[in-house]
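Novice: This is a predicted model, with the sequence first.
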Amino acid sequence: MGATDSGKTAILRALRWLIWNRPSGDSFRSTWGGHTRATVELDDHHITRHKGDVNSYLLDDQTFKAFGNDVPEPIKDLLNIDDINLQMQLDAPFLISASAGETASYFNRIAHLDQIDIGLKNLQGWLRKLSIRHEEDTERIQELQQAHKRYDYIPKFEARLEVLESMQGEKNHIGAQFQKLTSALNELADVEYELVRIREVTAHKNQVFKILSLIKEKESLQKQLNTLEEYIRQHKHVREMIHLYKQRAKPLDKAVQILTLMDQRDILQKDADSLETKLDRLKDVTDKWKMKIDLAKAGQKTFDASMPDICPLCETDLTTRNIHER
């Protein structure tokens, strides 16, 4: 009880909004009041319904969002308040003015018998959906049966397809063998080409060995020639020294010098005889060396005439190569 316009109805509306989340929307809120908030203290808990930039419920430190038109289950279980517990000022007397159906519905809800009505309604809805689905499936089956007749040729095509697949497999096998044969033929052609190149090289093997032998012999003769030329220079130097001693000898020492020179002359004569023998050998060697050079030049001409411009082994340019200067 209380005086008129003391806020009793506003409190009830706030409680209904907090307990049942009714009314929904924003029509009950002022356009100038900012955020709307209702809080209830229950034992050791605080429950707050808040609406503003964010629409939420708060249970102590826990926040609930995106709950739609319902109330979060933890808050609903904690409050445990039904519409029988909260009546507005202008509400009709409880169940007196209600119809028999409304009264029965209320008691069914109290006894949880309304779940049967809800189950029956859901079952009827499922049956209607299944009936519609059955009709649609029946029509679809008839359409598929009609369409199936248009594909009676498929078994024949399957048999032909199996034959074609078998033929395709044979074709792939033959193709693989053909590729292997092609690869083998290419390798054989490469081997034959290498054999031709090797034959061209081995055809001149004997001439190459002969030229190399002549080059070694030439080098040996050149060393002998250098040795003989050194002996000749020594013999010439000794003769010059003897002539110099003859010119510079004093008369008193002439006898001694003559004896000494005679001994030296004998020694030099032996050296001269040895040098003359070696000169004779050098002449023979030089003649043989010239003959070998002529043979080498003739072999070189034959070799150059038969060899290609590019070496088949190392691919070196042979046109400017002088084998005698090696």
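Specialist: Noted; the coordinates are in hand. Here the structure is a predicted model, which means the values were calculated and not measured.
Novice: Count the residues that sit near Tyr153.
Specialist: Counted with other C-beta atoms under 10 Å, residues neighbouring Tyr153 total 8. (Glycine included, C-beta is placed from N, CA and C.)
Novice: can you check Leu268 too?
Specialist: Look at Leu268: counted by other C-beta under 10 Å, it has 17 neighbours.
Novice: what's next to stretch 208-224, contact-wise?
Specialist: Identification of contacts with stretch 208-224 by C-beta atoms under 8 Å, 6 or more residues apart in numbering yields 282, 285-286, 288-289, 292-293, 295-296, 299-300, 303, 323-324, 326.
Novice: Torsion angles phi and psi at Asp44?
Specialist: phi -100, psi 20 (degrees, to the nearest 10).
Novice: returning to what we had before: mind checking which of the contacts of stretch 208-224 land in helices?
Specialist: Using DSSP state H, the members of these that fall in helices are Leu282, Val285, Thr286, Lys288, Trp289, Lys292, Ile293, Leu295, Ala296, Gly299, Gln300, Phe303.
Novice: Tell me where this structure has helices.
Specialist: Under DSSP H, the chain gives helices at 8-20, 73-79, 100-110, 114-149, 154-202, 205-248, 254-306.
Novice: Save these as CSV, and put in distance to Gly52 and mean pLDDT too.
Specialist: Formatted as CSV, the helices of the chain follow (distance: least, C-beta to C-beta, whole Å; pLDDT from 0 to 100):
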stretch, distance to Gly52, mean pLDDT
helix 8-20, 14, 82
helix 73-79, 19, 86
helix 100-110, 34, 68
helix 114-149, 35, 83
helix 154-202, 67, 83
helix 205-248, 107, 79
helix 254-306, 108, 77
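Novice: Could you dump these into JSON lines and include distance to Thr36?
Specialist: Shown next, in JSON lines, are the helices of the chain (distance: least, C-beta to C-beta, whole Å):
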{"stretch": "helix 8-20", "distance to Thr36": "8"}
{"stretch": "helix 73-79", "distance to Thr36": "17"}
{"stretch": "helix 100-110", "distance to Thr36": "30"}
{"stretch": "helix 114-149", "distance to Thr36": "32"}
{"stretch": "helix 154-202", "distance to Thr36": "70"}
{"stretch": "helix 205-248", "distance to Thr36": "112"}
{"stretch": "helix 254-306", "distance to Thr36": "114"}
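Novice: So which of these is nearest Leu59?
Specialist: Proximity to Leu59 (C-beta to C-beta) singles out helix 73-79 among these, at 5.6 Å.
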